[in-house]
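> for reference, the sequence and a predicted model appear below.
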Amino acid sequence: MAVVVIMPKQGQSVESCIITTLHKKKGDIVKKGDVLFSYETDKASFEEESPADGTVLACFYGEGDEVPVLENMMIIGEPGEDITPLLTVGQEAASGSHPDETGNGVTPPDIQTVEPAAETSTATIASTHNDKTLQGASVQAGSPENRFISPRAKILAEKNAVSVAQLTGTGPGGRIIEKDVEAYLVNRPKMTPLAKKVAAEGGAQPAAPGTGLAGRSRAVDLSAPVNTIYGVDYEDKKISNMRRLIAKSMYASLQNSAQLTHHLGADARRILDLRKKAKAALESGKLAVNITLNDMVCFAVIKALKKFPEVNAHFLGDSKRYFHKVHLGLAVDTERGLMVPVLLNADDLSIAGLCGQLKEIATACRAGSVNPDILAAEAGTFTVSNLGNYGVEMFTPVINLPQSAILGVNTIVPRPKDLGDRVYAFVPYIGLSLTYDHRSLDGGEATRFLKQIATEIENLELDVLI
Amino acid sequence: MPKVQIIDPSQVRKPGFVEFQPIPVNQYQKSVAEEKENFTHEEFKAIYHDMVLIREFETMLNLIKIKGEYNGTSYNHPGPAHLSIGQESAAVGMAWTLTVDDFIFGSHRSHGEILAKGMSAIHKLDDGQLTTIMETFFDGTVYEIVKKDFNGPVKELAKRFLVYGTLAEIFARKTGFNRGLGGSMHAFFTPFGVYPNNAIVGGSGDIAVGAALYKKVNRKPGLVVANIGDASLACGPVWEGISFAAMDQFRELWEGEMQGGLPVIINIMNNQYGMGGQTAGETMGYGIAARIGAGVNADQMHAERVDGYNPLAVIDAYKRKRKVIEEKRGPVLLDVLTYRYSGHSPSDASSYRTKEEVEAWEAQDCIRSYGEQLQEAEVATPADLDNISDEIRKLVNEMFLLAINEEVSPRMDNADIIGEMMFSNGSVDSFSDEKPDVLMPMDENSRVKKIAGKERFAFDAEGKPFSKMKQYQLRDGIFEAIIDRFYKDASLIAYGEENRDWGGAFAVYGGLTEALPYHRLFNSPISEASIVGTAIGYAMCGGRVIPEIMYCDFIGRAGDEIFNQLPKWQAMSGNVLKMPVVVRVSVGSKYGAQHSQDWTSLVAHIPGIKVCFPVTPYDAKGLMNAALQGTDPVIFFESQRIYDIGEQFHKGGVPEGYYEIPLGDPDVKKEGSDITFLTVGHTLYPALKAAKELEERFSMSAEVIDARSLVPFNYEKVIASVKKTGKIIVAGDATTRGSFLNDLAASIGQLAFDYLDAPVCVLGSRNWVTPAHELEEFFFPQPGWFIDMIHERIQPLRDYIPGQNFTDGEMVKRAKKGI
């Protein structure tokens, strides 16, 4: 009896996945446990194994396709087997749950597909979607694939060689109107008439100020830059789904909030001392975990957050959501790009527990096996981004909206300090850069919070090291 | 309400009786032998001839309709043919004594009357006059056709002219009397005193009264006959026309030579059936139609029944009634009894009457019995009569062949010409050569003096508004244009409800009463059909007239006149007639569902009328001047909300001198760059308020255009504006569904599609009854509604919470519910 392999639903916030590799194609013989295809969600990648022995009788999508979750993907069975009944079910499901057609991307609740891995009911999906709307996130009614544009805006876009795909519609129902094209044009570098013509024909858009007068983009700026020695010395690559999402959320963060950063240093003698002790304890076998400076800073941040509920909050436009628990996001650099897994209920943990779990989620991220649910910005209440390892002395991290702030941790540098009695000495200082959303917090409060982190760092007590 | 007439309670409360005089019924019973001293033999024979001509003409049409051929020549006439076989004596008797200056108006069944009156005119005109008429009519087109290969006398030629012109018209040939645009039911020929026949039952009942008014006011010779059927006697407009004609004021209040009754004869061509309904015995209650005269006035309209089967009886009646008219004791009512053998139309199976009834009337056939009298009285021999019949048959056949000859009598090869005929677009200072009758020099008039002291621009040098009392108001603009024309055009008259003494219900005519004699400005009965209907007749005869409808909502009361008569006659006459009628219509508010409707859309829908709705003093004066200088019917809308508004736009204020604003030219009242408001009527002012708020709160600049006219309408300025702004709301006070606003919007959508940044939006009133004044803000477009609509349908505005629901869903929901 043939079985249908559907696109699993990896976590409740995932609505579709992208097929990265098809390991088996139609006609291939497979054994139970063979990898059928690889796919990725917003921030992680997965492999789907065959649930049975047999032959691939049908495969509904190809590499690079975006497949809505719970959609039929493959059929495994015996050659010659009648799979029509399965196909019919598949078609119904496909037509019923295709996000482009329903217009809202929500799987209608009456589609029942058997998939043990999908632990959440469709009703929950719907409510998640609604929650998003309520949170005041920028919702575009017109989906990018089905966007409308007024005749006037269309003509203006064509005249100025603006690619409509780059525009955000603000008219009724998300219609792109003249204003939207004009807004785009204001920010675009000025173009020479020839450049416009070239852009209109080729679709290329000037990305930065051009080489013409007053930064005007010239046609040559748009055409492929040709290296006189090597010819075309670049290649255009499509960015990954993840890159696109990062780009979108980072851009949205800066567009939609009022961010600014305060920098402050904390005397690091205490934590350096503790770090030495931790290292010794690990080596001596007294401690099972390697407590790093980062772990200690995070521990201090959690303590500070408990004292500043205003910071441990989401800013939702016309309301603020205060969290009783601390869900700490940690920026992790991976091969695939930046990931921010969230350590839920971080304030429940001891320093050792914190240390162990932070390591665990960071490793999962780098391996691509992290649960997508903890990658959502909404999952965290505050984020720490540590660039100290790389020697960065100061930076302005970007907030994961709707969180209210993010802490950038810098490298430790020696700074002169008045030790009293006119004695000055070089003391190691760790740099702290707090970016906060001024819509959510005022400068005084943010400063007091940042100072509190410094105080916590300077006076950190770790039970395990006593 | 003239003050000279005191209503004395002790007089009017006295007991007494209304007394009636006996109404004569068929009192004339003479025969040819008894009338020999009053007619020559030739006249007796001519009467016979004219009746036979009608009989043959109608028989020909009957054969074509029923058998598809006449004398072996087949022809198909798909159009109407309401024939009057059997009624010939009534038509010839009516027309026999009429002069060329006497006008007749008719009905859908009037071929016989056209021929009878035409022949009457031919008998009376000399050869020179006839030749001139024929040579000049349509540049001699018809004349050339009937003259070819004919060498007989001029009167015979004129007869060919009459028969051919009428027949070619019936067959929709462009060589017909009205270029084929009138047809069987509307054919006429004014040079012979034949005025429009009317396909609407009773249509001539008020129009003919207006023609008589024209003759009286302009001191023109002749009387007017309204030939209407017995079945039209229940029609409101007929009663309204009769009541208008019988107004006491003609005798009580009109002065000098103007004193006395209207020269009009209501001639009931009583063939005793209204289509299939029998009037006496079934659909009416008068028994004898002449009875109704007794109820109209103390003279009982000099009513009598005449035996229309005896041409001599009808001639006798007309001789006597002409004296009554000449003594200024009109109007007159005649009940001319007759009978048609032919059906109502060719599809009539005569299921409503017996064969015996028809045969009994045929046994007393008017032509045969008159022929027998001629022989008895030795006026004519059987051979004479046969001769007459033979010649007529030959003539009719010949004209029939000419009229159906595609080369001689082609149809209009380019039907677009009809469009050009809808309006005459003339520019005429005066329709009269006479000196206008006025009671004082214009500059001595109290109103004129009062206006001279007013501020012709609403604001002073610092932009502060003058007080309402000091401002030159919209009503002053209308007044200035009208009084100016009263002093220029002696033919101009104005009337309506409360036009005299009161000065118009909304004080537009204040001061006119002192300036004008009664016959140029008077109060009409409260009967809109007669107000507009008589104006149509007045204009048809060559006069300029301003009838007034006090509230727009009363247009329905003059529905046929405004929709079927006023717009049609210029084109249906083949441009023979002009229609210089400016109907002033006041659009109300505050008074609820039957007094607050903007019905501009209804009239704009009807081809053939110009429609304008000025809302500033400058526009009102300029458009009224243009309307009064023109030769076309104009429905001139005014808004009661702003009669007192001053001029806020035209720099330098309203000019004191004469100027015209062409109909059809919209005006940019405020320039802007982000959105266009096109308004009809009073809505200009809420639109300007909305524009101000948009600018202050949302930095959007609105361009506001006042349509000023609806028909004609020049889109160029509007399209240029939309090209600039990309967005437009078309707004007005009319209820939205079916409103002309949608017409404007649809055209703009097509003409400016590529420039649009949002769909063209329409902002009208709700599809409800107009509520009480206190609730009007929920019904008429308010300034905020413009912004609501922009937010919902054009461009969402930041942090804006709309008050009105203009969403897609609401639109669909309201339409589903029909509200």
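Right, received. Where do you want to start? Source: prediction; values computed, not measured.
> next SSE downstream of the helix ranked longest in chain B?
Longest helix in chain B by number of residues, with DSSP state H as the criterion: helix B:41-67. Under the assignment DSSP states H and E, the closest C-terminal helix or strand after helix B:41-67 is strand B:69-70.
> distance of A:Q10 relative to chain B?
A:Q10 sits 36 Å away from chain B, taking CB to the nearest CB, to the nearest Å as the criterion. All C-beta spots, glycine's among them, are computed from the backbone N, C-alpha and C.
> got the residues of chain A near chain B?
For chain A, the contact set with chain B under CB under 8 Å from any CB of the partner chain comprises A:150-153, A:155, A:170-172, A:175, A:177-179.
> what would the residues you listed look like in JSON lines with secondary structure, pLDDT and neighbour count?
Converted to JSON lines, the residues of chain A next to chain B look like this (DSSP: H, G, I helix; E, B strand; the rest coil; pLDDT from 0 to 100; neighbours: other CB atoms under 10 Å in any protein chain shown):
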{"residue": "A:S150", "secondary structure": "coil", "pLDDT": "93", "neighbour count": "27"}
{"residue": "A:P151", "secondary structure": "helix", "pLDDT": "93", "neighbour count": "16"}
{"residue": "A:R152", "secondary structure": "helix", "pLDDT": "93", "neighbour count": "23"}
{"residue": "A:A153", "secondary structure": "helix", "pLDDT": "93", "neighbour count": "27"}
{"residue": "A:I155", "secondary structure": "helix", "pLDDT": "91", "neighbour count": "18"}
{"residue": "A:T170", "secondary structure": "coil", "pLDDT": "89", "neighbour count": "16"}
{"residue": "A:G171", "secondary structure": "coil", "pLDDT": "90", "neighbour count": "22"}
{"residue": "A:P172", "secondary structure": "helix", "pLDDT": "89", "neighbour count": "22"}
{"residue": "A:R175", "secondary structure": "coil", "pLDDT": "91", "neighbour count": "22"}
{"residue": "A:I177", "secondary structure": "coil", "pLDDT": "93", "neighbour count": "26"}
{"residue": "A:E178", "secondary structure": "helix", "pLDDT": "92", "neighbour count": "26"}
{"residue": "A:K179", "secondary structure": "helix", "pLDDT": "91", "neighbour count": "17"}
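> counting by contacts, list what the longest helix of chain B packs against.
If you count contacts as 3 or more CB pairs under 8 Å, 6 or more residues apart in numbering or on different chains; DSSP states H and E, helix B:41-67 packs onto strand B:69-70, helix B:88-96, helix B:111-124, helix B:154-170, helix B:311-326, helix B:366-376, helix B:382-404.
> what are the buried residues along that helix?
Neighbour-count burial for helix B:41-67, counted by 16 or more other CB atoms under 10 Å in any protein chain shown, picks out B:44-62, B:64-65.
> what residue, apart from its backbone neighbours, is nearest the closest residue to chain B within the stretch 351-466 of chain A spatially?
Closest approach of the stretch 351-466 of chain A to chain B (CB to the nearest CB) occurs at A:R439, with a separation of 14.9 Å. Excluding its sequence neighbours, the residue lying closest to A:R439 (CB to CB, 6 or more residues apart in numbering or on different chains) is A:A258, at 5.0 Å.
> tell me the contacts of that neighbour?
Counting by CB atoms under 8 Å, 6 or more residues apart in numbering or on different chains, A:A258 touches A:437-439.
> where neighbours are concerned, which of those residues has the most?
When neighbours are counted by other CB atoms under 10 Å in any protein chain shown, A:D437 leads these with 23 neighbours.
> tally of neighbours for the closest residue to B:R520 other than its chain neighbours?
With CB to CB, 6+ apart as the criterion, B:R520 has its nearest non-adjacent residue at 4.9 Å, and that residue is B:I493. Number of residues near B:I493 (other CB under 10 Å) recorded here: 25.
> with B:P607 instead?
13.
> name the spans of the stretch 1-150 of chain B whose pLDDT lies under the cut-off.
B:1 (pLDDT under 70).
> which part of it gets nearest to chain A, residue-wise?
B:P78 (46.1 Å).
> ok, back up a step: pLDDT value on the residue nearest to A:R439, please?
Note on A:A258: pLDDT of 94.
> and B:I133, what element?
Using DSSP H and E, the element containing B:I133 is helix B:127-136.
> thought A:G368 was touching A:R336?
Yes - in this structure, A:G368 is within contact of A:R336 by CB atoms under 8 Å, at 6.9 Å.
> joint contacts of the two?
With CB under 8 Å, 6+ apart, A:G368 and A:R336 have common neighbours A:S45.
> could you chop chain A up by domain?
Domains of chain A are assigned by automatic domain parsing as A:3-100, A:144-232, A:243-465.
> want to throw those domains into JSON lines with distance to B:I661?
As requested, the domains of chain A are arranged in JSON lines below (distance: least, CB to CB, whole Å):
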{"stretch": "domain A:3-100", "distance to B:I661": "55"}
{"stretch": "domain A:144-232", "distance to B:I661": "32"}
{"stretch": "domain A:243-465", "distance to B:I661": "52"}
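> can you list the weak-confidence ranges in chain A?
Within chain A, the ranges that satisfy pLDDT under 70 run A:11-13, A:42-43, A:87-146, A:200-210, A:212-215, A:219-228, A:231-232, A:466.
> that one: helices as residue ranges?
A:84-97, A:99-102, A:122-134, A:151-159, A:178-187, A:193-202, A:219-222, A:241-256, A:269-283, A:293-307, A:351-367, A:443-458.
> tell me how far the closest residue to A:P428 other than its chain neighbours lies from chain B.
Sequence neighbours aside, A:A268 is the residue nearest to A:P428 in space, at 4.4 Å (criterion: CB to CB, 6+ apart). Separation of A:A268 from chain B (CB to the nearest CB): 47 Å.
> and the gap between the residue nearest to A:R439 and A:K31?
Counting by CB to CB, to the nearest Å, the separation of A:A258 from A:K31 is 57 Å.
> gap between stretch B:373-388 and the chain center?
45 Å (CA atoms, centre = their mean, to the nearest Å).
> CA atoms only: put that stretch into CSV for me.
C-alpha atoms of stretch B:373-388 as CSV (Å, rounded to 0.1, in the frame of the first residue of the first chain):
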residue,chain,number,x,y,z
GLN,B,373,-76.7,66.5,-50.1
LEU,B,374,-74.6,68.2,-52.8
GLN,B,375,-76.5,66.3,-55.4
GLU,B,376,-79.9,67.0,-53.8
ALA,B,377,-79.0,70.7,-53.6
GLU,B,378,-77.9,70.5,-57.2
VAL,B,379,-74.5,71.8,-56.3
ALA,B,380,-72.7,68.9,-58.0
THR,B,381,-73.5,66.1,-60.3
PRO,B,382,-72.4,62.5,-59.6
ALA,B,383,-69.9,62.9,-62.4
ASP,B,384,-68.5,66.0,-60.6
LEU,B,385,-68.0,64.0,-57.5
ASP,B,386,-66.5,61.0,-59.3
ASN,B,387,-64.2,63.4,-61.0
ILE,B,388,-63.0,64.8,-57.7
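> buried ones in that stretch, by neighbour count?
Applying 16+ other CB under 10 Å to stretch B:373-388 flags B:373-374, B:377, B:379-380, B:384-385, B:388 as buried.
> likewise stretch A:339-358?
A:339-344, A:346-347, A:349, A:351-352, A:354-358.
> one more: stretch A:152-171?
Buried-residue list, stretch A:152-171, by 16+ other CB under 10 Å: A:152-157, A:160-162, A:164, A:167, A:169-171.
> coming back round to it: which one of the helices of chain A lies nearest to B:A815?
Of all the helices of chain A, it is helix A:151-159 that lies closest to B:A815, at 24.9 Å by CB to CB.
> that closest one packs against which elements?
Where contact means 3+ CB pairs under 8 Å, 6+ apart, helix A:151-159 is packed against helix A:178-187.
> got the buried residues for stretch A:450-463?
Buried-residue list, stretch A:450-463, by 16+ other CB under 10 Å: A:450-457, A:460, A:462.
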